[in-house]
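Trainee: Attaching a predicted model along with its sequence, questions to come.
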Amino acid sequence: MVAWNRPRTTLLTVGILFHLFYLWSIFDIYFVSPLVHGMSLYRSTETPPAKRLFLIVGDGLRADTTFDNITHPVSHESGYLAPFIRSIVREKGTYGVSHTRMPTESRPGHVAMIAGFYEDVSAVTKGWKENPVDFDSFFNQSTHTYSFGSPDILPMFKEGATDPEKVDAWMYGHEYEDFTQSSIELDAYVFRHLYQLFDNSTKDTELDFQIRQDGNVFFLHLLGCDTAGHSYRPYSAEYYDNVKYIDEQVEILVDKVAKFFGDDDTAFIFTADHGMSAFGSHGDGHPNNTRTPLVAWGAGVNKPVKNSKPVADNYTESWNLADIQRNDVKQADITSLMSYLIGTNYPANSVGELPLAYINTNDGEKFQALYNNARSILEQYLVKEQEVIESQFVYKEYFKFEERSHESYLNEIHAMIDKIAKGDTSLEPQVLKLTEELMTVTLEGLQYLTTYNWRLIRTIVTFGFIGWIIYSFTIFLKVFILAKEDKNNKPSLLNVSVFGSIGLVLNYVLYYQRSPFNFYMYLLFPLFMWSQIFTDKDAFIQGIKSFFKSISVAERIFIGICIVAIYESIVYGFFHRWIFTFIFIILSFYPLICGNKSVLSNAAWIITSCYISTFTLYDAVKIESLTKINVGGIFIILGSLHSIGRIVKGKLVSYYSLSLLITQVVLVILILLTTNKSVESLQNRTGLPRDAQIAGWSLMVLSLFIVPFLHYLKPSNHYKVRLLIIFLTFAPTFIILTISFESIFYFLFTGYVVQWIEIETQIKKSKSKEQENYAQLIRISLIGFFLLQIAFFGTGNVASISSFSLDSVYRLLPIFDPFPMGALLMLKLIIPYIILSTGLGVLNLKLSIKDYTISTLIISTSDILSLNFFYLLRTEGSWLDIGVTISNYCLAILSSLFMLTIEMVGHILLKNVIVEQEVDQEKKKQ
Ligand SMILES: [Zn+2]
């Protein structure tokens with residue numbers, strides 16, 4: 001075995017750190033926090049139309065479900081789920097779709113509604129609970145806020161308030177959020193505690209006074225839909241019943257509120273923080289996740305406006321609301337609307353724009369409120385601009401403000417509002433246009449300021465990627481082609497001084513620009529790698545020469561075309577999954593082209609290729625299917641028994657190892673039974689049986705740790721035995737985490753890798769020694785790189801965060817907890833990579849190629865993909881497109897990262913493995 005020589009250890013360490021930092025870089029570059037501090041506040045209006053406001057948020061409630069005519073999956077009755085809300089849309093209020101942004105998660109959604117700004121993507125990682133927040137919110141500006149709901153949401157607005165006494169919160173405990181129980185309970189809690197509060201106030205004069213003050217907010221956070229959607233998906237009876245429940249309760253609420261306060265001065269906002277995808281998840285920019293309902297009514301809100309002609313599109317056709325004007329808003333606009341209705345200051349960080357269509361007041365008032373809104377946003381621009389001026393060598397103002405200063409805008413608008421107030425109504429369209437223009441320019445300006453440093457940092461990242469590709473390829477050439485393992489050149493004096501000074505200058509620039517810590521790291525990698533590249537340039541040139549030494553020119557051209565074609569196909573495969581199928585079909589004939597004579601293995605290969613090629617085409621919306629789980633399980637059991645039989649026949653295994661192998665098969669059978677029990681119980685909505693949960697965990701621990709450890713004590717070293725052990729080690733975990741066809745894929749994928757090993761061995765045997773060249777190495781690396789992508793997509797994952805259904809993890813964790821659940825999903829994701837990595841390791845051994853040659857070659861070239869996706873990243877356009885580009889970039893980097901980490905695991909897994917030395921005995925000695 002090749003020892004852990006220095007260049008390789010450095011390569012792995014640098015590689016892992018590099019990928020981790022560069023994975024994060026897009027969030028630092030593209031999704032920077034928009035927050036600034038130290039702004040003056042602007043009050044929305046001096047004459048608020050409402051005395052108090054009710055904000056009712058159906059967590060995870062989709063716009064279409066709220067308004068659509070729906071057929072109930074159990075009772076098969078058709079009808080509207082929210083007749084009361086619809087009656088308001090028709091008769092009393094104003095409605096529209098509130099468009100949320102990525103990430104469509106609860107926290108950023110609530111922040112957008114209540115604080116008026118869009119959190120950057122990294123907010124998702126910033127804790128869900130007691131995270132102290134440093135932004136201003138609408139609740140903070142209210143007289144007093146009473147909030148009811150989930151402990152995941154309420155605390156951040158309470159703790160973030162200038163005076164935490166200002167916000168009261170009634171929250172259930174986390175154990176309440178058991179995903180397998182009825183979700184309606186969560187919403188019932190909210191209404192119960194609100195009425196309890198009303199009741200208490202009749203006995204408590206101080207409380208009564210407090211509740212009846214002007215400017216109060218009542219926030220009802222209804223988690224039910226989100227919970228039902230996660231557990232049973234948004235087309236389930238549970239989700240629908242929850243929407244119905246909310247509608248009934250809101251009707252009761254409106255009545256009770258009117259009676260309790262004895263007036264008509266209450267404003268109501270009914271909306272949602274985000275929607276829900278068909279998979280029962282959210283997070284990305286799919287329209288199902290970004291479209292939420294907004295219905296406002298009560299004091300200060302406009303009555304419905306009839307359309308002169310019916311207006312509907314494909315999406316809204318079945319709502320039967322084409323005759324009513326629909327007024328869509330961006331989610332943050334809700335903050336401005338609420339601030340106006342009860343006359344608070346616009347929250348300091350809010351970028352929401354007051355949706356005038358919702359407001360029922362005279363025009364002078366309206367324009368004054370909008371004008372104040374514009375000034376509040378402009379204030380943020382000015383503060384931010386000052387920050388940028390102080391941290392830049394050269395500052396260039398945003399060009400639109402260069403053309404026309406903000407003072408000039410403000411003066412003109414102010415003058416016009418004065419005239420309108422004196423009765424000159426002809427100016428109305430003009431003032432509206434100008435104020436909206438000022439807001440748009442200001443928001444663009446803010447974006448301009450936030451991305452002021454892009455060019456520099458993007459250049460650094462590009463140099464980083466290209467640097468990594470060349471640097472790691474040089475190491476590959478040094479270690480595996482030139483076999484100069486231990487010669488680690490020292491950089492020359494010139495090299496050190498050149499890169500040293502570049503480093504000093506750039507670091508100073510970063511320092512002057514008050515860059516965050518990560519930016520220094522992004523810079524460090526290219527500096528280090530390019531310095532190394534120049535130090536080793538001779539090795540690079542020599543290596544290239546000897547790498548292509550025995551390959552003819554025609555072959556070189558052919559190989560070149562193949563490499564480009566495969567990489568580009570894979571890039572497009574990320575967008576169009578059928579391309580993967582196409583590649584599989586081509587691959588199925590490659591042994592014939594390479595001259596493999598064994599008819600049996602060629603035929604088997606073609607069959608497996610065709611079968612496995614269908615997996616990337618399956619609908620990613622996986623419906624839990626016990627039948628498919630069982631079929632996969634039985635495949636695994638029968639396949640293992642067959643392999644055990646052959647191993648025993650070949651006398652490759654000791655009695656000790658054999659009994660452990662059989663134990664492993666028994667573990668697979670047991671976990672299959674456990675999974676059946678859990679799934680049935682969960683599908684019958686009877687919760688997760690305690691014994692099934694305990695059994696699931698115990699079987700996982702046994703199969704992942706205990707049995708492998710026993711194997712380790714007295715190992716059987718034949719590679720076939722080892723492959724089977726590894727396959728069986730992860731099989732139980734994979735089965736319990738399977739939703740539908742994934743374990744069939746696991747079985748086939750392993751079979752495919754094993755067949756591939758045999759075929760490459762046969763091809764190698766059939767070639768004479770003179771023909772021996774690096775063409776095989778390149779071919780294996782290309783196929784390996786392709787399989788690296790299949791390891792991810794084959795289990796039916798879509799390139800998106802929200803496509804991971806939680807169905808499977810409920811069998812182990814019935815209560816929602818994002819981090820352990822995420823860890824389990826991650827484990828499931830990694831398992832196919834482990835199989836691939838082990839397979840590549842065995843190939844190295846069997847073909848007598850030095851260890852890790854193939855994986856190192858894959859690792860060094862795979863970032864061509866990441867670089868591709870880095871430039872395909874989009875920050876504008878629909879949030880769906882943006883989301884897809886982000887996930888693609890993350891996936892490309894993650895697969896490199898998995899490869900790197902798992903290589904080390906593979907090293908341990910394949911310790912002391914023996915292969916038959918059927919291939920050219922001589923070479924091992926070289
Ligand atoms: Zn939510």
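Mentor: Yes, it's here.
Trainee: And the helices in the stretch 751-900 of the chain?
Mentor: 775-793, 818-846, 853-872, 879-909 (DSSP state H, counting those that start in this stretch).
Trainee: Leu897 contacts Leu20, correct?
Mentor: Yes. Leu897 sits in contact with Leu20 when judged by C-beta atoms under 8 Å, with a separation of 7.0 Å. C-betas here are computed from N, CA, C, even on glycine.
Trainee: So for these two, which sits in the more crowded spot?
Mentor: Taking other C-beta atoms under 10 Å, Leu897 and Leu20 do not tie; Leu897 has more neighbours (20 against 14).
Trainee: could you redo the helices of the stretch 751-900 of the chain as CSV and give each row distance to Thr675 and mean pLDDT?
Mentor: Converted to CSV, these look like this (distance: least, C-beta to C-beta, whole Å; pLDDT from 0 to 100):
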stretch, distance to Thr675, mean pLDDT
helix 775-793, 22, 86
helix 818-846, 13, 85
helix 853-872, 33, 84
helix 879-909, 25, 76
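Trainee: wait, which of the ones you listed is closest to the ion?
Mentor: The closest of the helices of the stretch 751-900 of the chain to the ion is helix 818-846. By C-beta to the ion, the value is 11.7 Å.
Trainee: tell me, how many neighbours does whichever residue of the stretch 401-550 of the chain sits closest to the ion end up with?
Mentor: Closest approach between the stretch 401-550 of the chain and the ion, counting by C-beta to the ion: Leu443, at 25.4 Å. Counted with other C-beta under 10 Å, residues neighbouring Leu443 total 17.
Trainee: Also Trp605?
Mentor: 23.
Trainee: what helix or strand does it sit in?
Mentor: Counting by DSSP states H and E, the element that carries Trp605 is helix 599-613.
Trainee: got the angle between that helix and helix 775-793?
Mentor: Helix 599-613 runs at 40 degrees relative to helix 775-793, counting by axes from the mean of the first three to the mean of the last three C-alpha atoms, to 10 degrees.
Trainee: Can you tell me which helices and strands the helix or strand following helix 599-613 packs against?
Mentor: Proceeding N to C from helix 599-613, the next assigned helix or strand is helix 626-649, under DSSP H and E. Counting contacts by 3 or more C-beta pairs under 8 Å, 6 or more residues apart in numbering; DSSP states H and E, helix 626-649 packs against helix 655-683, helix 719-736, helix 742-766.
Trainee: which one of these is the most hemmed in?
Mentor: Counting by mean count of other C-beta atoms under 10 Å, helix 719-736 has the highest mean neighbour count of the helices and strands packed on helix 626-649, with a mean of 24.
Trainee: now could you export just the CA positions of that helix as PDB?
Mentor: This file holds the C-alpha atoms of helix 719-736, laid out as PDB (Å, rounded to 0.1, in the frame of the first residue of the first chain):
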ATOM      1  CA  TYR A 719     -11.800  -8.200  -1.700                       C
ATOM      2  CA  LYS A 720     -15.100 -10.000  -2.500                       C
ATOM      3  CA  VAL A 721     -15.700 -10.700   1.100                       C
ATOM      4  CA  ARG A 722     -14.800  -7.200   2.000                       C
ATOM      5  CA  LEU A 723     -17.200  -5.700  -0.600                       C
ATOM      6  CA  LEU A 724     -20.000  -7.800   0.700                       C
ATOM      7  CA  ILE A 725     -19.300  -6.800   4.300                       C
ATOM      8  CA  ILE A 726     -19.400  -3.200   3.400                       C
ATOM      9  CA  PHE A 727     -22.600  -3.600   1.300                       C
ATOM     10  CA  LEU A 728     -24.300  -5.400   4.300                       C
ATOM     11  CA  THR A 729     -23.000  -2.900   6.800                       C
ATOM     12  CA  PHE A 730     -24.900  -0.100   5.300                       C
ATOM     13  CA  ALA A 731     -27.900  -2.000   4.000                       C
ATOM     14  CA  PRO A 732     -30.000  -1.900   7.200                       C
ATOM     15  CA  THR A 733     -29.500   1.900   7.600                       C
ATOM     16  CA  PHE A 734     -30.400   2.400   4.000                       C
ATOM     17  CA  ILE A 735     -33.500   0.300   4.200                       C
ATOM     18  CA  ILE A 736     -34.900   2.000   7.200                       C
END
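Trainee: In the stretch 301-450 of the chain, which residue sits nearest the ion?
Mentor: Gln331 (12.3 Å).
Trainee: Let me fix that, I meant to ask about the chain.
Mentor: For the chain, C-beta to the ion, closest residue to the ion: Ser106, 3.0 Å.
Trainee: Isn't that residue up against Asp59?
Mentor: Yes. Using C-beta under 8 Å, Ser106 is in contact with Asp59, at 6.1 Å.
Trainee: Show me what from the protein comes close to the ion.
Mentor: By C-beta under 5 Å from the ion, the residues of the chain that approach the ion are 59-60, 106, 226, 273.
Trainee: Please repeat the previous calculation with a cut-off of 6 Å.
Mentor: Residues of the chain lying close to the ion (C-beta under 6 Å from the ion) are 59-60, 106, 109, 226, 273-274.
Trainee: Taking those residues together, which two end up most distant?
Mentor: Gly109 and Asp226 (10.4 Å; C-beta to C-beta).
Trainee: how about Ser78, phi and psi?
Mentor: phi -100, psi 150 (degrees, to the nearest 10).
Trainee: and the end-to-end length of stretch 316-323?
Mentor: 12 Å (C-alpha to C-alpha, to the nearest Å).
Trainee: can you check stretch 694-714 too?
Mentor: From start residue to end residue, stretch 694-714 stretches across 29 Å - C-alpha to C-alpha.
Trainee: I'd say Ser609 and Phe582 touch.
Mentor: No. Contact criterion C-beta under 8 Å: Ser609 and Phe582 do not qualify, at 11.5 Å.
Trainee: So between the two, which is more surrounded?
Mentor: A count of neighbours by other C-beta under 10 Å puts Ser609 above the other of Ser609 and Phe582, at 22 against 13.
Trainee: ok, for that one, nearest residue in space, not its chain neighbours?
Mentor: Ser588 (3.4 Å; C-beta to C-beta, 6 or more residues apart in numbering).
Trainee: tell me the contacts of the one you found?
Mentor: 605-606, 609-610, 613 (C-beta atoms under 8 Å, 6 or more residues apart in numbering).
Trainee: All the strands of the protein, residue numbers only.
Mentor: In the chain, the segments counted as strands under DSSP state E are 52-58, 69-71, 78-80, 94-99, 144-149, 167-171, 216-222, 266-271, 291-298, 329-330.
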